[in-house]
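>>> Here is a sequence with its predicted model. Questions after.
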Amino acid sequence: MTISLPLVVVLALLAWMAIKFFAVRLWIVAVLVLLGFYLAHSFLAPAIDSTTRTGVHIVNDH
């Protein structure tokens, strides 16, 4: 049986767990989200996308 989860759902779950169980402050999460948006529009975006896709591909193959 194959289960497919979007990466956004997995990351949102990890963020929720970090806030709930590790007492990460909400403002830290907000700063990291803003950093993600700024990185998405920078020259690093293609490298980040490629690395993420490669990592997901490796995980899915096992």
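Okay, I see it.
>>> From now on I want contacts and neighbour counts done on CA atoms only, so please keep to that.
Will do.
>>> Spell out for me which residue occupies the centre of this protein.
Leu11 (4.3 Å; CA atoms, centre = their mean).
>>> before we move on, which element is that residue in?
helix 7-21 (DSSP states H and E).
>>> Which residues does that helix contact?
For helix 7-21, the surrounding residues in contact (CA atoms under 8 Å, 6 or more residues apart in numbering) are Val24, Arg25, Leu26, Val29.
>>> Can you lay out the residues you listed as a markdown table showing neighbour count and secondary structure?
Below are these laid out as a markdown table (neighbours: other CA atoms under 10 Å; DSSP: H, G, I helix; E, B strand; the rest coil):
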| residue | neighbour count | secondary structure |
| --- | --- | --- |
| Val24 | 14 | coil |
| Arg25 | 11 | coil |
| Leu26 | 13 | helix |
| Val29 | 15 | helix |
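>>> Out of those residues, which comes closest to Gly36?
Val29 (10.5 Å; CA to CA).
>>> related to what we said a few turns ago, reformat the contacts of helix 7-21 as a markdown table; add pLDDT and distance to Ser42.
As requested, those are exported to a markdown table (pLDDT from 0 to 100; distance: CA to CA, whole Å):
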| residue | pLDDT | distance to Ser42 |
| --- | --- | --- |
| Val24 | 86 | 27 |
| Arg25 | 88 | 26 |
| Leu26 | 86 | 25 |
| Val29 | 84 | 20 |
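>>> Turn those into CSV, including distance to Met17.
Below are the contacts of helix 7-21 laid out as CSV (distance: CA to CA, whole Å):
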residue, distance to Met17
Val24, 9
Arg25, 12
Leu26, 12
Val29, 12
